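S.K.: No letters, just coordinates:
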Ligand SMILES: Nc1ncnc2c1ncn2[C@@H]1O[C@H](COP(=O)(O)OP(=O)(O)OP(=O)(O)O)[C@@H](O)[C@H]1O
């Protein structure tokens, strides 16, 4: 049970003054919660400002430099309403000070309201950005207009939060202030030495400071308050991972003893020999599985490095030793693809493979479940459907989870609830740096595939502005005529008014048209809104060469393996994250043919966007790209926080707080060594921390264990 003391903080944001259902939705979005009911006062409190507006500049009107935010004390001279019927001509209010005149400009504002807040002849404080048009200063929609008498209430320094549509800074401010009033004093959970050494304020004080910066320095990641909160967040994360591990390790292992007969049969049938790091990874995995402790290993390998074969070889040993193995993929497309590859490999060893996804229904499903339960099926490939309650395994000894970062700790727990405690191999193609591995997975053993299979050629990567689209289409046309295969990736599914992003459907149509009668049938489409049958068909057609240009959304991002596809066009490349671009590009260059990747951007490019694309052009090394991405964008984006299911870090910034991550890891371990049930006084306080940081799943686990 959650301690009563925390109840006020768990009020839904909707219960805060001024917040209705719409705003609650908006807040759910910016705090990354599932929906409005799940968005609590606490989530608002732990949302750090990402910038600051400094309103301390107080020069005269004409002394204010172009495009700077200034606070001006002015006298109101006259109002100039929009001419009747021409609402797009702004309403102007002319004001002056000793240095000159300023036009306050308003679009679609109510005249009565403007007359009320800007009475002619009165002196007011206005604050906002001063722009010069035709040699005259103006301020469009001032951020603040305050009567001189109320000058004391004027915010000199204002924190800025990430905003989404429908949420104004003022409303956010107001709800934040009322949430701050709910903060109780809490017991200290951090180690007193650490607190003293770092001059950490208490949690509640740190939260208050977070939202009341007094100067730009106060929002830097290295203030004691920011560091304190970052530490708390990291500690909660590490503690929750350590709790999972603690319980998993307690369950009896399954020493896998096999002489490698099946594995060798598979190896012999592969059209290639393993790379050095593939062999090393296989050896590491087999050593782990032979031991009496459960394996918890991360197999990290860049795009196209050949993780699937490694997994298959490990599964072969598990099967030979009389067990079953599962491979869980994050998407249906990927599950089916793995099924296709793996059944082919398994055939050589006579291993029985089946695929299980949410799509299996009726008799087919019942029969499949039966064959899994009686052990006839030895390897099951699937999506999270693999771990529904109805699925009972005969003797599950190895679970391979592909792209774990999409699932999160929760599914990992479900997996172990399947009676037996299988060895666990987590495969990730996201070449995340060590600090992130630690933050996301805790202390797992790691095998790395450090080289690409022999014979791969570099992918020629170019950035091209949208004006040259016609040229790209022409080149693509001749490539298709040459028998080549290409992907064309678009960011969105349907045309929508709010977005000028090119939709995959209209791009599919325009390309088919541009290619003319002869080539149009070779152009196919796949996106997330199609049924899984349709998606399958599209992928199969592309693989078999029935279609040769696949226009797709990012459903093809992870893992799709069509080795003879050699051209990748990514439209609106400037809108994708670097790591995601790397994943997408990794769909080509998977065979021995020369490949190219065209990053098509709609300019002009901002500085960061330009730098990002340049990194990609220069490097194919996923690790380097991830490091650069981390520098350019922060870790939440690298991991794709929202869709990843990995509880993202809001307060900790892993490039700034790497030292705290190490400390948090050590502290989590020490705490649990001394007090595995978190029942001491400090343990109780730490439970509170887990609630506060929304790691409820760990608490449930604590109870179960
Ligand atoms: N040692 C090898 N030599 C040559 N080709 C290999 C080797 N190992 C794997 N391959 C081939 O390389 C391609 C990529 O392998 P795989 O799909 O396992 O990559 P992956 O690591 O899962 O990459 P991604 O994360 O991009 O899906 C496959 O077509 C596979 O058959």
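M.R.: That came in fine, so what should we check first? Note that the structure is a prediction, hence the values are computed from the model and not measured.

S.K.: use CA for all of it now, contacts and neighbours both
M.R.: Fine.

S.K.: Let me know the average pLDDT across stretch 82-93.
M.R.: Across stretch 82-93, the average pLDDT comes to 85.

S.K.: buried residues in that stretch?
M.R.: 82, 90-93 (16 or more other CA atoms under 10 Å).

S.K.: what number of residues lie near residue 319?
M.R.: 25 (other CA atoms under 10 Å).

S.K.: pLDDT below threshold where in this protein?
M.R.: Counting by pLDDT under 70, the chain contains low-confidence residues at 163-167, 403-420, 430-443, 492-502, 555-559, 630-648, 701, 703-705.

S.K.: what does the stretch 151-300 of the chain put close to the ligand?
M.R.: With CA under 6 Å from any ligand atom as the criterion, the stretch 151-300 of the chain meets the ligand at residues 272-275.

S.K.: Pull the contacting residues for residue 229.
M.R.: Counting by CA atoms under 8 Å, 6 or more residues apart in numbering, residue 229 touches 203, 206-207, 651-652.

S.K.: and it, what element?
M.R.: Assessed by DSSP states H and E, residue 229 sits inside helix 224-250.

S.K.: now swap in residue 461 and tell me
M.R.: strand 459-465.

S.K.: In contact with residue 424, which residues?
M.R.: 294-297, 398-401.

S.K.: and for whichever helix or strand comes after the helix holding residue 229, what are the contacting residues?
M.R.: Counting by DSSP H and E, the next helix or strand C-terminal to helix 224-250 is helix 261-269. Here helix 261-269 makes contact (CA under 8 Å, 6+ apart) with 273, 313-314, 316-317, 320, 345-346, 348-349.

S.K.: switch to 6 Å and redo it
M.R.: 313, 316, 345, 348-349 (CA atoms under 6 Å, 6 or more residues apart in numbering).

S.K.: Double-check residue 462 against residue 598; I have them as touching.
M.R.: Yes. The pair residue 462 / residue 598 is scored as a contact, 5.2 Å apart, by CA atoms under 6 Å.

S.K.: okay, those two: which has more neighbours?
M.R.: More crowded of residue 462 and residue 598, by other CA under 10 Å: residue 598, with 20 against 16.

S.K.: quick one: contacts for the residue of the chain most remote from its centre?
M.R.: When distances are taken from the C-alpha mean of the chain, residue 121 lies farthest, 53.0 Å away, according to CA atoms, centre = their mean. By CA under 6 Å, 6+ apart, the contact list for residue 121 reads residue 76.

S.K.: Tell me the secondary structure at it.
M.R.: Secondary structure for residue 121, judged by DSSP: H, G, I helix; E, B strand; the rest coil, is coil.

S.K.: what comes up buried for the helix holding residue 229?
M.R.: Those would be 224-248, for helix 224-250 by 16+ other CA under 10 Å.

S.K.: what's around residue 153, how many residues?
M.R.: Using other CA under 10 Å: residue 153 sits among 8 other residues.

S.K.: meant to ask about residue 533
M.R.: Residue 533: 12 surrounding residues under other CA under 10 Å.

S.K.: Now it: which helix or strand?
M.R.: Here residue 533 is assigned to helix 532-544, by DSSP H and E.

S.K.: buried sites along that helix?
M.R.: 532, 535-536, 538-543.

S.K.: Of those, which is the nearest to the ligand?
M.R.: Nearest to the ligand among those is residue 543, at 11.5 Å by CA to the nearest ligand atom.

S.K.: ok, the closest residue to the closest one other than its chain neighbours to the ligand distance?
M.R.: Distances taken as CA to CA, 6 or more residues apart in numbering put residue 562 closest to residue 543, at 5.8 Å, once the chain neighbours are dropped. Separation of residue 562 from the ligand (CA to the nearest ligand atom, to the nearest Å): 7 Å.

S.K.: How about residue 302?
M.R.: Applying CA to the nearest ligand atom to residue 302 and the ligand gives a distance of 6 Å.

S.K.: wait, doesn't that residue sit right on residue 429?
M.R.: Yes. Counting by CA under 6 Å, residue 429 is a contact partner of residue 302 at 5.3 Å.

S.K.: What are the boundaries of the strands in the stretch 551-700 of the chain?
M.R.: 565-571, 595-601 (DSSP state E, counting those that start in this stretch).

S.K.: Can you lay out these as a markdown table showing distance to residue 141?
M.R.: Formatted as a markdown table, the strands of the stretch 551-700 of the chain follow (distance: least, CA to CA, whole Å):
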| stretch | distance to residue 141 |
| --- | --- |
| strand 565-571 | 35 |
| strand 595-601 | 32 |
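
S.K.: for the ones you listed, which one sits closest to residue 692?
M.R.: strand 565-571 (40.4 Å; CA to CA).

S.K.: and the angle for the closest one with strand 459-465?
M.R.: 30 degrees (axes from the mean of the first three to the mean of the last three CA atoms, to 10 degrees).

S.K.: what are the pairing partners of strand 565-571, and which direction each?
M.R.: Each strand paired with strand 565-571, and its direction, by DSSP bridges: strand 485-489 (parallel), strand 595-601 (parallel).

S.K.: Pull out the buried positions in the shortest one.
M.R.: Residues of strand 485-489 classed as buried by neighbour count (16+ other CA under 10 Å): 485-489.
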